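I'd like to go over a predicted model; first the sequence, then the structure.
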Amino acid sequence: MSFGYVSPEQSMKDRADYARKGIARGGSVIVMRYEDGILLVAENRSPALHKVSEIYDRIAFAAVGKYNEFENLRIAGIRIADLRGYGYDRRDVTARSLANAYAQALGTIFTTEPKPYEVELLVAEVGQTSDTDQIYRLTYDGSIGDERGFAVMGGLAEAVTQSLGKGYQESLSLGVALRLAIAALGGDGAQAREIGPDQLEVAVLERSRPRARKFSRISRPRLLALLDEAQPDTDHGADPPVGPGVDALAPESPPPGASTFTDIEHDTPGSDA
């Protein structure tokens, strides 16, 4: 037996640890459903190196990890989609078929190549209704999962997932969903940080868009407008609630010597996460 022998179990473990460390060094990406489609938000300072892209008419691609590796996978996915759509029908191009192709490629690379790909992928497809939306998550070893509601990968994915899950609902408007995603990326507690619009890459698969291609990037002006529209109401000067229950509890006249001023603080439900 040579001194260079490594058991298959140890080899796979070392490969997995190597890939996970590379993926965790990057910023997180969130893919989540909202009332009219699927929102994709990535922490990305580069205006040229995209983490979020279009694959086909109703299908989007998001990735974290090593850029040159997931860019090769993105281009391969576009070629597969174009060939299938040209040879058969555009409706035959689905997120499920692309996810299966990516899973086979990543699994082969993980087991046979000298170095595994340091990438995680999300393939999302917007359907005719919210019930038919699809989000598939693929890991470095070819494992594939069907995600419901939202998915997070890269960076501090576990902490972002917990923060996002506290306020997530499938019926959120685009602006509210965007604010929730940004708040989750920023974190909470002592390590919370503010993430500005110039640090984000945002895109949507918009179900109601009157074009075959449902993917569109959100520019900075539109991003700021959406965040302003979703700003929670902080008006604390509203009149106190009036109703039978309130009148029954209120005294008809103040006791002698008591102040006639009442300080009322209203907690207005808002959407700020």
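Right, received. Where do you want to start? Numbers count the residues shown, from 1 in each chain.

surely residue 117 and residue 64 touch.
No. The pair residue 117 and residue 64 does not pass the contact test of CB atoms under 8 Å, sitting 11.5 Å apart. C-beta here means a position set from N, CA and C on the backbone, and glycine is covered the same way.

what's the overlap in contacts for these two?
In the contact map built from CB atoms under 8 Å, 6 or more residues apart in numbering, the residues linked to both residue 117 and residue 64 are residue 70.

neighbour count for those two, which is higher?
The residue with more neighbours, out of residue 117 and residue 64, is residue 64; 28 against 25, by other CB atoms under 10 Å.

pretty sure that one sits in a helix.
No. Going by DSSP: H, G, I helix; E, B strand; the rest coil, the assignment for residue 64 is strand, not a helix.

report the separation between the nearest residue to it once chain neighbours are set aside and residue 62.
Distance criterion CB to CB, 6 or more residues apart in numbering; nearest residue to residue 64, sequence neighbours excluded, is residue 154 at 3.1 Å. In this structure, residue 154 and residue 62 are 9 Å apart, going by CB to CB, to the nearest Å.

look at those two and report which has more neighbours.
Neighbours were counted for residue 154 and for residue 62 using other CB under 10 Å; residue 62 has more, 28 against 24.

what lies in contact with the helix or strand that contains residue 160?
For residue 160, the host element (DSSP states H and E) is helix 157-167. Contacts to helix 157-167, defined as CB under 8 Å, 6+ apart, come from residues 24, 28, 30, 32, 150, 152, 180-181, 183-185, 187-188, 273.

hmm, back to that, okay, and the common contacts of residue 154 and residue 62?
Common neighbours of residue 154 and residue 62 (criterion: CB under 8 Å, 6+ apart): residue 29.

which positions within the helix or strand that contains residue 104 qualify as buried?
In the assignment (DSSP H and E), residue 104 maps to helix 95-112. For helix 95-112, the neighbour count (16 or more other CB atoms under 10 Å) marks 95, 98, 99, 101, 102, 103, 105, 106, 107, 109, 110 as buried.

any idea how far the first one is from residue 34?
Yep, that's residue 95 we're talking about. Applying CB to CB, one obtains 17 Å for the distance of residue 95 from residue 34.

do a quick rundown of the helices in the stretch 1-150 of the chain.
For the stretch 1-150 of the chain, the helices identified by DSSP state H, counting those that start in this stretch occupy 8-24, 67-87, 95-112, in order along the chain.
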